[in-house]
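Enquirer: 3D, please:
(one chain, ligands or ions: 2)
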Amino acid sequence: MGRMRRSWLLSGICCAIFLLLTGCASQSDSERYTLQLGVACYNQSDTFLSQLIDRLKTDLAAAETDSFQTHIMVRDAAGSQRTQDDQVKELLDAGANVLCVNLVDRADPSEIIDLARERNVPIIFFNREPVAEDMRQWDQLYYVGADAKQSGQLQGELAADYITQHPQIDRNKDGKIQYVVLEGEPGHQDAIIRTETAVDTLKSLGVSLDKLGSGIANWNRAQAQNRMLQLISQHQSGIELVLANNDDMALGAIAAYQKLNYTESAMPVVLGIDGTDVGLEAILNHTLAATVYNDKEGQTAAILQLAQALVTGQGMDQIQFAKDHYIYLPYTKVTAENAAAYLAKSD
Ligand code: GAL
Ligand code: CA
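Expert: Ligands and ions are numbered 1, 2, ... in the order given. Alright, predicted model coming up:
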């Protein structure tokens, strides 16, 4: 073999090795993805949402592999839509490649949608459902949540069961259950629908009801305590049942009775929705009769699965959509019998 040929051969081999190495490197590069999740929350002092976001952080960390890195940035709008619009811009500037938005005003997502569309960053709305018309503004919009109607139905069934098992709840023995409702934010999909469905379900199960009053307490424990103190001052020990749109407001109602030193037997039956840790603990110490589990673990798993599919372009076909771009996780019933198991699940 001549010198010339040998050096040609050598450089050929070198070239092949080089191509092989760089080829491999660029191939594994293209399989490496980073999810930069920008999360905008309407109000992080909300008990259910702060637990949901903690869970999302844990899920994201646990999903990391060599080829899939995750990074989460969370912003708290503290109840202002304008603040949230600015925060979404910040998240995009900081490099978010998927947005997770819990709208302050569920009827006002346009600004956020425009910002995201300009940069082609998909949005997963969660917990506060935009109106259907807005969801059609762009094809990169998704929603993860739960069906409000189902939570009301399950609350109604739980209340009916409890009343049947404890006939002494009808304290004045008039054959009717005197009740009050503590409602979440006006305009929220989970407020009006939960109340209406819970009441309708109770009636359809043969419970005679007598509505004494209601109060709006915006999901908030302290506000619910105040509303309840007012309702008690109007009706004294006449209230036999409290239907609260969420656990925090149920706990506010219980706190009002405790403040007035009511004994356990003079207190009404109180039901919540969510199964937050504090709610589940109240079931275990028998101050809260029952709740309906708002599956935050299922919701965060769905958010992560969707976000991962959006970033990697893989696995979208394995996601179970209830309808186009919507994922709804089912609610379940929680009583003293299974509350401990639910508490363990949220660890
Ligand atoms: C509901 C939940 C409430 C509150 C609200 C905020 O689904 O039951 O506790 O977190 O969402 O949007
Ligand atoms: Ca009665």
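
Enquirer: the stretch 1-150 of the chain: helices as residue ranges?
Expert: Using DSSP state H, counting those that start in this stretch, the helices of the stretch 1-150 of the chain run over 3-30, 47-62, 81-93, 110-118, 132-135, 148-165.

Enquirer: send the alpha carbons of the fifth one over as PDB?
Expert: Taking only C-alpha atoms (Å, rounded to 0.1, in the frame of the first residue of the first chain), the coordinates of helix 132-135 have been written out as PDB:
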ATOM      1  CA  ALA A 132     -66.000  27.200  25.900                       C
ATOM      2  CA  GLU A 133     -65.900  30.100  23.500                       C
ATOM      3  CA  ASP A 134     -62.500  31.200  24.800                       C
ATOM      4  CA  MET A 135     -61.200  27.700  24.600                       C
END
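
Enquirer: how about that helix: buried residues?
Expert: Using 16 or more other CB atoms under 10 Å as the test for burial, helix 132-135 gives 134-135. (Each C-beta comes from the backbone N, C-alpha and C, glycine too.)

Enquirer: for that helix, packing partners?
Expert: The contact analysis (3 or more CB pairs under 8 Å, 6 or more residues apart in numbering; DSSP states H and E) places helix 132-135 against strand 141-146.

Enquirer: mean pLDDT lowest where, among the helices of the stretch 1-150 of the chain?
Expert: Between the helices of the stretch 1-150 of the chain, the one with the least mean pLDDT is helix 3-30; it has a mean of 48.

Enquirer: OK, contacts around the closest residue to ligand 2 within the stretch 101-250 of the chain?
Expert: Nearest residue of the stretch 101-250 of the chain to ligand 2 (CB to the ion) works out as D170 at 4.2 Å. Counting by CB atoms under 8 Å, 6 or more residues apart in numbering, D170 touches 163, 176-177, 240.

Enquirer: would you list those in JSON lines and tack on neighbour count, secondary structure and distance to Q189?
Expert: Shown next, in JSON lines, are the contacts of D170 (neighbours: other CB atoms under 10 Å; DSSP: H, G, I helix; E, B strand; the rest coil; distance: CB to CB, whole Å):
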{"residue": "I163", "neighbour count": "20", "secondary structure": "helix", "distance to Q189": "27"}
{"residue": "K176", "neighbour count": "13", "secondary structure": "coil", "distance to Q189": "30"}
{"residue": "I177", "neighbour count": "22", "secondary structure": "strand", "distance to Q189": "26"}
{"residue": "E240", "neighbour count": "24", "secondary structure": "coil", "distance to Q189": "28"}
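
Enquirer: farthest pair in those?
Expert: Spatial extent of the contacts of D170 (CB to CB) is set by the pair I163 and K176 at 10.8 Å.

Enquirer: okay, domains of the protein per the record?
Expert: 33-146+295-329, 149-293 (automatic domain parsing).

Enquirer: for this protein, which residues are neighbours of ligand 2?
Expert: 170, 172, 174, 176 (CB under 5 Å from the ion).

Enquirer: ok, the last one to ligand 1 distance?
Expert: Here the criterion is CB to the nearest ligand atom, to the nearest Å. By it, K176 lies 28 Å from ligand 1.

Enquirer: does that residue really touch K211, like I thought?
Expert: No: between K176 and K211 there is no contact under CB atoms under 8 Å: 10.0 Å.
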